[in-house]
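**Q** The sequence isn't on hand, but the structure is:
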């Protein structure tokens, strides 16, 4: 089964780090991009096969090529998390809950406090 999940808010780096183990257990292949609150200007690529998942800072969201829209005009890709996961026993509802539970809460968004980056993604790659 293949599941695609989109999350519109930045991910809390600590909660997402904890969720990675569960994500790796249930998936054979993972790919996509992340919007992580500890490095909000950076588009983070996520890829994985089997139990190994790696993250890579691919640059600023502004550097992302424009997306094609029906009218033929390009629009900048908005910051968001989009992950595609494939696995035999993958449960779509559990996958959705895992990622949405990593989003920043209203209170965390309102606080504006910087968050520790456990991945070292703040540096440009």
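**A** Nice, I can see it. Fair warning: this is a prediction, and the values are worked out from it, not measured in the lab.

**Q** mind checking the backbone torsions on the residue nearest to residue 8 when sequence neighbours are not counted?
**A** Spatial nearest neighbour of residue 8, excluding adjacent residues (CB to CB, 6 or more residues apart in numbering): residue 80 at 5.5 Å. For glycine as for every other residue, the C-beta is placed from the backbone atoms N, C-alpha and C. In this entry, residue 80 is assigned phi and psi values of phi -170, psi 160 (degrees, to the nearest 10).

**Q** Roughly how far does residue 100 sit from residue 86?
**A** Going from residue 100 to residue 86 by CB to CB, to the nearest Å gives 20 Å.

**Q** Residue 55 bridge partners, please.
**A** Each beta-bridge partner of residue 55 is listed here, defined by DSSP bridges: residue 46.

**Q** Read off the pLDDT value for it.
**A** Among the per-residue scores, residue 55 shows a pLDDT of 94.

**Q** list the contacts for it?
**A** Listed by CB atoms under 8 Å, 6 or more residues apart in numbering, the contact set of residue 55 reads 34, 44, 45, 46, 119, 121.

**Q** Going by neighbour count, which of the residues you listed are buried?
**A** Buried subset of those (neighbour count, 16 or more other CB atoms under 10 Å): 34, 44, 46, 119, 121.

**Q** May I see those arranged in TSV, with distance to residue 60, secondary structure and pLDDT as well?
**A** Putting those into TSV (distance: CB to CB, whole Å; DSSP: H, G, I helix; E, B strand; the rest coil; pLDDT from 0 to 100) gives the following:
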residue	distance to residue 60	secondary structure	pLDDT
34	14	strand	95
44	11	strand	94
46	17	strand	95
119	17	coil	81
121	12	coil	76
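
**Q** Let's have these in CSV, adding distance to residue 6.
**A** Below are the buried ones among the contacts of residue 55 laid out as CSV (distance: CB to CB, whole Å):
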residue, distance to residue 6
34, 11
44, 15
46, 13
119, 21
121, 20
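
**Q** Point out where the chain drops to low pLDDT.
**A** Counting by pLDDT under 70, the chain contains low-confidence residues at 63-77, 112, 122-125.
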